[in-house]
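> Predicted model and sequence below, questions to follow.
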Amino acid sequence: MIRFQNLTKSYPVGESRKVVIDDLSLTLPTGKSLALLGRNGAGKSTLLQLIAGTIRPDSGQIISDGTISWPVGFGGSFHRDLTGAQNTRFIARIYGVDTESLVDFVEDFAELGKHFHMPIRSYSSGMRSRLAFGASMGIRFDTYLVDEVTAVGDAAFRRKSRAVFTERMGRSGAILVSHEMGQVREFCDSGLILEHGALRYYPDLEEAIAAHQAMMA
């Protein structure tokens, strides 16, 4: 369960502020895989970071009774001067999982080669995304936050990403941001639409997709 209570988030734009989440109060169901849909710039990635706790709201709160991943595909929280392996060990200690098991999983999965033992500052954005995806998939969360993650890497890596994500979804829920409706239909069973700071929940995924496409037309 994830509950938003009077959640508001805005950013300064010139002398005014752009509100991306506007006094949101809503409870998301437990164990669902939710597609988070909306226009570019609607605030979908911001909402994921709010849920993960990587940014703070202006006001209100988010309450959850389960474990939540950081936004998969978002590598901004890594320490740039530490190596991929060192960042992975730090993550393992933070989340209380076996350090060497996670390091072994991420090194094998992310396919970074010698870069796994080099500082993050030397990584491309795709390499940081593969590291973040591997680290998050190596930890069992109740809810995974996913921002276009399976678009990272070559075709073989994308197939591997989809396979491990599908396996995780057998036991966990997710909030998935994607512009590919085929991917949404493959992984999700319900939908959310974020528009003008308001979030609406659709129990029927096809209804959510239809509403989103009508909005975008």
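Arrived safely, thanks for sending. Numbers count the residues shown, from 1 in each chain.

> For Asp204, grab the count of nearby residues.
12 (other Cβ atoms under 10 Å). Bear in mind the C-beta positions are built from the backbone N, C-alpha and C, glycine included.

> Now it. Its backbone dihedrals?
Per-residue torsions, Asp204: phi -90, psi 110 (degrees, to the nearest 10).

> I'd assumed Pro12 was in contact with Val19.
No - under the criterion of Cβ atoms under 8 Å, Val19 is not in contact with Pro12, lying 11.2 Å apart.

> Neighbour count: those two, which is higher?
Applying other Cβ under 10 Å to Val19 and Pro12 shows that Val19 carries more neighbours, namely 15 against 8.

> Which helix or which strand is home to that one?
strand 16-28 (DSSP states H and E).

> which parts of that strand are buried?
20-21, 24, 28 (16 or more other Cβ atoms under 10 Å).

> from these, which two are the most distant?
Spatial extent of the buried residues of strand 16-28 (Cβ to Cβ) is set by the pair Val20 and Leu28 at 17.8 Å.

> so what secondary structure elements neighbour the helix or strand where Phe165 lies?
Element membership for Phe165, per DSSP H and E: helix 155-169. Packed against helix 155-169 by the contact rule (3 or more Cβ pairs under 8 Å, 6 or more residues apart in numbering; DSSP states H and E) you find helix 125-137, strand 143-147, helix 181-187.

> Can you check which of those gets nearest to Leu199?
Among the helices and strands packed on helix 155-169, strand 143-147 sits nearest to Leu199 (Cβ to Cβ), with 14.5 Å.

> Against which helices or strands is the strand holding Val19 packed?
strand 2-13, helix 44-52, strand 198-202.

> after that strand, next one along is what?
Downstream of strand 16-28 (by DSSP H and E), the next one is strand 33-37.
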